[in-house]
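Chemist: Kindly return the folded structure for what I paste below:
(one chain, ligands or ions: 1)
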Amino acid sequence: MSGGDFLALAAPGIPRLRPYVPGKPIEELERELGLQGTLKLASNENPLGPSPLGLAAARASLEGVHLYPDDNGFRLKGKLAERLGVAPEQILLGAGSSDVIDMVARTFLAPGRNAVFSRHAFAMYPVYTTAAGAECREAPCLPPDHPEMPYGHDLEAMASRVDGDTRVLFLANPNNPTGTWLERDALHRFLAGLPDHLVVVLDEAYTEYVEEPEFPDGVAWLAEFPNLIVTRTFSKIYGLAGLRVGYGVASRALIETVGRVRAPFNVSVPALAAAEAALEDAAFLQRSRRANREGLARLAAAFDEMGLRHIPSVGNFVTFELPGEAAPVYEALLRKGVIVRPVANYGLPNHLRVTVGTAEENDRFLQALREVLA
Ligand SMILES: *Cc1c(COP(=O)(O)O)cnc(C)c1O
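Modeler: Next comes the predicted model:
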């Protein structure tokens, strides 16, 4: 073939696909700018490092990596099932929860079908939807001046986008990159009102951080909604992003169906070992939650002081607004060795997202931001 026009040969959704843009890796920035000691607050990783119990278990497991992992993840599923009050058959393990989300998309989406999600939702939803050849139906979100939840999910608008060809509805609670969240009653009413020819992915990647009393636990609704799948991850509060392990929980029938597209041995030996141990690391979770709570308050106060609007967040990140385009501020912060996350690809060109760091990291970021904006 002459020109190598592989896009012409690709499956229906692929030519429309725009790959996910991850946070800039530290090594890349340091190579490009000749910097050292760079601070990365771009990917919502845990600034306290990995769960110490998880790390020790991962290390110990390396002796056994000549063997394939347990394809059924028996021990991890057992522990999760006990903790969540479900059967092990209701759990699907993934190489990160994005693997699970991808499996749902590949199971239910295809040309002629559509997936519904909110504006400013997690960027992987359109990637997986488009890759499956399906249509992305983006619902508007609540307005920036909404009194309770600026940029929050507009559930009525989302419901109105659902039609006979909708097969998946994606909803992150709390949402990334906005940090907004949905209350128990409102979300329950919304789920109860949806038709049953679609699967709802309730993405709870940050749920362990949230301390709001009205914040729902999607797992509690699985018996009531057989078409609901709740996804969670070890990448965020457990500090295991580099190992890639997450899971989905749903009715047995839904897990059995989605599990058909799972690649064998998709979760590695160290990832399984680390996740099992990290689940027991209550002290680490508590420390992480406290550092995050204090960091969120510190960042919010500093943004207020600087006169920068920010979206109230219950995650481990805050998205803040600049007076104009955010790209030059992002670049200037890079030159000061601080990596934050541009969110223009999320439809927020005047905003940046910063991950909550340790107290020193937050101060270093704020100092750099003050200098850049001076
Ligand atoms: C980080 C994140 C995930 C999952 O990441 P994995 O590392 O694949 O588990 C899923 N959803 C949202 C909204 C996230 O921010």
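Chemist: ok, what's across the strand from T233?
Modeler: Beta bridges link T233 to G246, judged by DSSP bridges.
Chemist: Quick one: residues contacting it.
Modeler: Residues near T233 by Cβ atoms under 8 Å, 6 or more residues apart in numbering: G96, S97, A205, V245, G246, Y247. Just so you know, the C-beta spots here come from the backbone N, C-alpha and C atoms, and that holds for glycine as well.
Chemist: top of those by neighbour count?
Modeler: V245 (30 neighbours; other Cβ atoms under 10 Å).
Chemist: you'd agree it is up against L93?
Modeler: Yes - if you go by Cβ atoms under 8 Å, V245 and L93 touch, sitting 7.0 Å apart.
Chemist: what residues are shared contacts of these two?
Modeler: By Cβ under 8 Å, 6+ apart, V245 and L93 have these common neighbours: V267, L272.
Chemist: is it true that V116 lies in a helix?
Modeler: No - if the criterion is DSSP: H, G, I helix; E, B strand; the rest coil, then V116 is strand and not within a helix.
Chemist: contacting residues for it?
Modeler: V116 makes contact with R137, A139, M158, R161, V162, T166, V168, L169, F170, L198, according to Cβ under 8 Å, 6+ apart.
Chemist: Pull the contacting residues for G179.
Modeler: Contacts for G179 (Cβ under 8 Å, 6+ apart) come out as I311, P312, S313, V314, G315, F317, V318, T319.
Chemist: got those residues as a markdown table, with pLDDT columns?
Modeler: Putting these into a markdown table (pLDDT from 0 to 100) gives the following:
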| residue | pLDDT |
| --- | --- |
| I311 | 96 |
| P312 | 95 |
| S313 | 97 |
| V314 | 97 |
| G315 | 98 |
| F317 | 98 |
| V318 | 98 |
| T319 | 98 |
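Chemist: Inside strands: which ones of the residues you listed?
Modeler: When DSSP state E is applied, the contacts of G179 are split such that F317, V318, T319 fall in strands.
Chemist: so what's E208 up against?
Modeler: Counting by Cβ under 8 Å, 6+ apart, E208 touches K236, I237, Y238, L285, R289.
Chemist: Any residues of the stretch 101-250 of the chain in contact with the ligand? List them.
Modeler: F122, A172, N176, D203, A205, T233, S235, K236, A241, G246 (Cβ under 6 Å from any ligand atom).
Chemist: Tell me the spacing between the second one and R260.
Modeler: A172 is 25 Å from R260, where distance means Cβ to Cβ, to the nearest Å.
Chemist: likewise the fifth one?
Modeler: In this view, A205 and R260 are 24 Å apart by Cβ to Cβ.
Chemist: By mean pLDDT, flag the weakest helix or strand of this structure.
Modeler: Counting by mean pLDDT, DSSP states H and E, the chain has its least confident helix or strand at helix 26-33, which shows a mean of 85.
Chemist: Give me the helices and strands touching that helix, please.
Modeler: Secondary-structure packing of helix 26-33 (3 or more Cβ pairs under 8 Å, 6 or more residues apart in numbering; DSSP states H and E): helix 327-335.
Chemist: The helix it packs on vs helix 26-33, what angle?
Modeler: Here helix 327-335 points in a direction 90 degrees away from that of helix 26-33 (axes from the mean of the first three to the mean of the last three Cα atoms, to 10 degrees).
Chemist: Give me the buried positions along helix 327-335.
Modeler: Buried residues in helix 327-335, counted by 16 or more other Cβ atoms under 10 Å: V329, Y330, L333, L334.
Chemist: Would you mind listing the residues in contact with P25?
Modeler: Shown in contact with P25 (Cβ under 8 Å, 6+ apart): K40.
Chemist: from now on call the first residue 26
Modeler: Done: numbering now begins at 26, and the last item shifts to P50.
Chemist: With D170 as the reference, measure out to it.
Modeler: Distance from P50 to D170, counting by Cβ to Cβ: 36 Å.
Chemist: Assign the closest residue to P168 other than its chain neighbours to helix, strand or coil.
Modeler: Nearest residue to P168 in three dimensions, chain neighbours excluded: P175, at 7.1 Å (Cβ to Cβ, 6 or more residues apart in numbering). Per three-state DSSP, the local secondary structure of P175 is coil.
Chemist: Confirm for me that P175 is in contact with N200.
Modeler: No - in this structure, P175 is not within contact of N200 by Cβ under 8 Å, at 12.0 Å.
Chemist: More neighbours: those two, which one.
Modeler: Shown here are P175 and N200; by other Cβ under 10 Å, N200 has more neighbours (29 against 17).
Chemist: and the more buried one, what does it touch?
Modeler: S143, H145, A146, F147, G177, H178, W206 are the contacts of N200 under Cβ under 8 Å, 6+ apart.
Chemist: helix/strand/coil for the fourth one?
Modeler: Here F147 is coil, with the state taken from three-state DSSP.
Chemist: Could you measure from it over to S313?
Modeler: Distance of F147 to S313, given as Cβ to Cβ: 21 Å.
Chemist: Taking the protein, what residue is nearest to the ligand?
Modeler: G121 (2.5 Å; Cβ to the nearest ligand atom).
Chemist: Phi first, then psi, for that residue.
Modeler: The phi and psi values for G121, taken as degrees, to the nearest 10, are phi 90, psi 160.
Chemist: my guess is it meets G267, correct?
Modeler: No - at 10.1 Å, G121 does not count as touching G267 under the criterion of Cβ under 8 Å.
Chemist: Report the secondary structure element holding the nearest residue to L279 once chain neighbours are set aside.
Modeler: Once flanking residues are discounted, L279 sits nearest to I254: 5.9 Å by Cβ to Cβ, 6+ apart. Per DSSP states H and E: I254 is located in strand 253-258.
Chemist: mind giving me the domain split of this structure?
Modeler: Per automatic domain parsing, the structural domains of the chain span 33-74+307-398, 88-303.
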